[in-house]
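> Any chance you could fold what I've pasted below:
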Amino acid sequence: MNQKKLGAYYTPAYLSRFIARRVFERIGKKCCVSILEPSVGDGSFINALKEINHPNIQLTALDIKNKELLKAKNKWHSGKGTFTRANFLTFKRKSKLSVIIGNPPYVKKDRLSMAQFNRIKKIHTRENLTVSSAKNIWTAFLIKSIKLLKTDGILAFILPSELLQVKFTEEIRDYLKTQFERIEIFTFSDLMFECKGQDTVVLFAYKKANEKGEFFANIESKDVLENNTFELKKNNLLVSSKVKWTHHFLDSDELTLLDNLKKKLKSVNHYSDSKPGIVTAANKFFIIDKETEKKYDLLKHTKPIIQKGLYVNGSVVFSDSNIKDLEKKKLPTKLLQFDNADRISKKVKEYLQLGIDEEIPDRYKCRKRDNWYVIPNIAEVPDAFFFKRSHLYPKLLKNNSSALVTDSAYKVQMKNGYELNSFIYSFYNTLTLILSEIEGRYYGGGVLELTPSEFKKLPIPYSKITKKQFSKFTTSFEKKANIEEILSLNDFDILNPILQISEDDMTKLTSIRNKLLKKRLRN
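Down below sits the predicted model:
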């Protein structure tokens, strides 16, 4: 099996050393320390525990792969050790443990077999957690580990940053607070693993503690860990609110300011309706460039489409001329749209055969169709679109073209009584961009994403403008050197009349946004 399928991302030595050292700072010279490593991998934690040189470690190490288990066993020469090939999710143990330490696998439920998912579901429901919280195998590792700890036990895990910021882990965070007297979360300014897109945190959780609560630290470099020069801080307001724990570096005054301003605003779904764009099931096949369209005589079967937000940089209006510009760059801008009643020509059959050769008809969404190549629910051209993923700032654009859009964006249509130009103009202010960061989540590499529900509940200070003002705004947007230029022009006109924001609070908002961007983009 490959690394991605197993969800195995191996732990850097300095990180496993830090985790082991911190655990044993709490344990001291306590006798008979029983430790479980539930997914031993390449044995990074085995090395770290060996370096601790504690005289009374009783180690149990598990892995589903014999090869990895043998490598780990060969590294262990310190005290008692049992190395067993086993799946932790079916592992049984009568006696409780002092410590559970490790880096559990990260595998989404759509990559699991039905038997594996049922196992995860059972672990969640036993603890009265909902099935919707069972989205990844690491959550089951976490929950099962908690139940195996002694009443004064310690858990130390490397986990995806999902723990802090996605909807399904909100329930997991609440569960952790009921199980441990003290929780410590370490976030990092750099990716801890050499794997694309996987941002990680370190969780320490203590069943018993003198100083109770939830504590946070952001680590700028590995030297900070090795020298113990970090500072753990409480953030009671963050933990008691529904703000995602990724934003632990915002202080109480900043969180209170944002909360007070949010209360004065209506959300995106008050002004507009939105829903995801077109799901093709295979963008590379169903969205083609001009050359492919010509080669296979597909002109009468195509419609213009925007495939990704990367193609619309620099403006708040998308027009047919922009589609032409993308065509000149030989980018895919043509959506294949067949009807079940269409007669298929010889040339078209040749193209469809390419999809058959790539096994596209076997994909889940294609299997559900009457004809695998007929994409359902190709709706009207949207009035506007909001791209769910972004880099420096989220993108909301008016659509003056005949282009459709993929599910990389949400199609936006205004409700009665509200006007699109004003809505788009009002979106581009410092507060709404801050709240996009707060409501959304981010991934390794700094990509910000808002789910459909997160976009809909995004607060926005709606400010009505004229066509002339929108034209001026559009020109300024296209000429801007960066988004900050637009925010400096818009903030006073949008935020001040609606929220009566003071100059000091406006300065605070700018500072908050810079903090959030710095953390997400790791500047």
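> can you give me the helices for the stretch 101-250 of the chain?
114-126, 137-147, 162-165, 170-179, 222-227, 236-240 (DSSP state H, counting those that start in this stretch).
> For the shortest one, enumerate the helices and strands it packs against.
Identification of packing neighbours for helix 162-165 by 3 or more CB pairs under 8 Å, 6 or more residues apart in numbering; DSSP states H and E yields helix 170-179, strand 200-206, strand 441-442. To be clear about C-beta, it is placed using only N, CA and C from the backbone, and glycine gets the same treatment.
> Low-confidence ranges, the chain, go.
Low-confidence segments of the chain (pLDDT under 70): 1-9, 78-79, 191-198, 444, 523.
> residue boundaries of the strands in the stretch 401-523 of the chain?
404-405, 409-414, 441-442, 448-449, 459-460 (DSSP state E, counting those that start in this stretch).
> now, of those strands, which is deepest in the fold?
Here the criterion is mean neighbour count by mean count of other CB atoms under 10 Å, and of the strands of the stretch 401-523 of the chain the winner is strand 404-405, at a mean of 25.
> quick check: longest strand of the chain.
For the chain, the strand with the greatest residue count under DSSP state E is strand 149-160.
> Name the residues that touch that one?
Identification of contacts with strand 149-160 by CB atoms under 8 Å, 6 or more residues apart in numbering yields 11, 15, 19, 22-23, 26-27, 96-104, 106, 136, 138, 141-142, 145-146, 180, 192, 198-208.
> list the buried ones in that strand?
149, 153-160 (16 or more other CB atoms under 10 Å).
> Tell me the gap between stretch 23-41 and the middle of its chain.
Taking the mean C-alpha point of stretch 23-41 and that of its whole chain, the gap between them comes to 31 Å (CA atoms, centre = their mean, to the nearest Å).
> Return the set of buried residues in it.
Buried residues in stretch 23-41, defined by neighbour count with 16+ other CB under 10 Å: 23-24, 26-27, 33-41.
> which other residues reach the longest helix seen in the chain?
What stands out as the longest helix in the chain, according to DSSP state H, is helix 503-521. The contact list for helix 503-521, computed with CB under 8 Å, 6+ apart, reads 187, 189, 218, 246-247, 249-250, 253-254, 257-258, 391-392, 430-431, 433-434, 437-438, 442, 446, 448, 491-492, 495, 501, 523.
> can you check stretch 468-479 too?
With contacts defined as CB under 8 Å, 6+ apart, stretch 468-479 is touched by 314-317, 421-422, 424-425, 428, 465, 485-486, 489-490.
> one step back: got the CA positions of the longest helix of the chain in CSV?
Extracted C-alpha coordinates of helix 503-521, given in CSV (Å, rounded to 0.1, in the frame of the first residue of the first chain):
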residue,chain,number,x,y,z
GLU,A,503,-10.0,55.0,14.1
ASP,A,504,-8.5,52.9,16.9
ASP,A,505,-10.8,49.9,16.1
MET,A,506,-10.0,50.3,12.4
THR,A,507,-6.3,50.0,13.3
LYS,A,508,-7.0,47.0,15.4
LEU,A,509,-8.9,45.3,12.5
THR,A,510,-6.0,45.9,10.2
SER,A,511,-3.7,44.4,12.8
ILE,A,512,-6.0,41.3,13.3
ARG,A,513,-6.1,40.7,9.5
ASN,A,514,-2.3,40.9,9.3
LYS,A,515,-2.0,38.4,12.2
LEU,A,516,-4.4,36.0,10.5
LEU,A,517,-2.7,36.2,7.1
LYS,A,518,0.8,35.8,8.6
LYS,A,519,-0.3,32.6,10.4
ARG,A,520,-2.1,31.2,7.3
LEU,A,521,0.6,32.1,4.8
